[in-house]
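Asks: with the input below, show me the fold.
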Amino acid sequence: MTSTRSMTSTRSIALAVVVTSAIVALAACQGGAPGGSPPPSPPPSATGGRPSSPAVIKILQPAAGATVTGKTLHIVISLEGAQIVAATTTDVRPDQGHVHLYVDNSLVSMNYGLEQDIAVHPGTYVIKAEFVASDHAPFSPRVWSPEVFFTVK
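Replies: Next up is the predicted model:
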């Protein structure tokens, strides 16, 4: 027959194990950095990382500082050292991908060409383009165009 003291001791040990496990699990979810932020990511070489790309991307139109009129902005991009591939392409290669367009740091288009029309309203904006791999993920380092500021009247 098991004594009450022995059962209480067993329950105390089981409770201590459960509490300790919960604390360890919470600490792991919080990451190792103060404030609960995750620890820094290891360098790409340690994780198999993203490929780099030889691409150079630029926005040709609108020109920097341009003032445009209307409700549609026509964007023209140049891409050197790489090519645009179809949306169905699944191979990740450093010289193939497509373009993501950002207006005021918000993604507005995932484009499979070098020209795009987007709707605009009066105001001042900044646009930039990023050449990304066929899987929609960025290269490392990221391939950004210089930012272009323009005004719509």
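Asks: strands along the protein, start to end?
Replies: Applying DSSP state E to the chain gives strands spanning 56-61, 67-68, 72-80, 83-84, 96-103, 106-111, 115-119, 123-132, 138-144, 148-152.
Asks: adding distance to G49, write the ones you listed out as JSON lines.
Replies: (C-beta placed from N, C-alpha, C; glycine too.) Formatted as JSON lines, these follow (distance: least, C-beta to C-beta, whole Å):
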{"stretch": "strand 56-61", "distance to G49": "21"}
{"stretch": "strand 67-68", "distance to G49": "39"}
{"stretch": "strand 72-80", "distance to G49": "23"}
{"stretch": "strand 83-84", "distance to G49": "22"}
{"stretch": "strand 96-103", "distance to G49": "16"}
{"stretch": "strand 106-111", "distance to G49": "22"}
{"stretch": "strand 115-119", "distance to G49": "29"}
{"stretch": "strand 123-132", "distance to G49": "15"}
{"stretch": "strand 138-144", "distance to G49": "6"}
{"stretch": "strand 148-152", "distance to G49": "30"}
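Asks: what's the most buried one of these?
Replies: Among those, strand 96-103 has the highest mean neighbour count (mean count of other C-beta atoms under 10 Å), at a mean of 20.
Asks: mind listing what that strand pairs with, with the direction of each?
Replies: strand 83-84 (parallel), strand 106-111 (antiparallel), strand 123-132 (antiparallel) (DSSP bridges).
Asks: R50: which of the ones you listed is closest?
Replies: Proximity of the strands paired with strand 96-103 to R50 was assessed by C-beta to C-beta; the nearest stretch is strand 123-132, lying at 9.8 Å.
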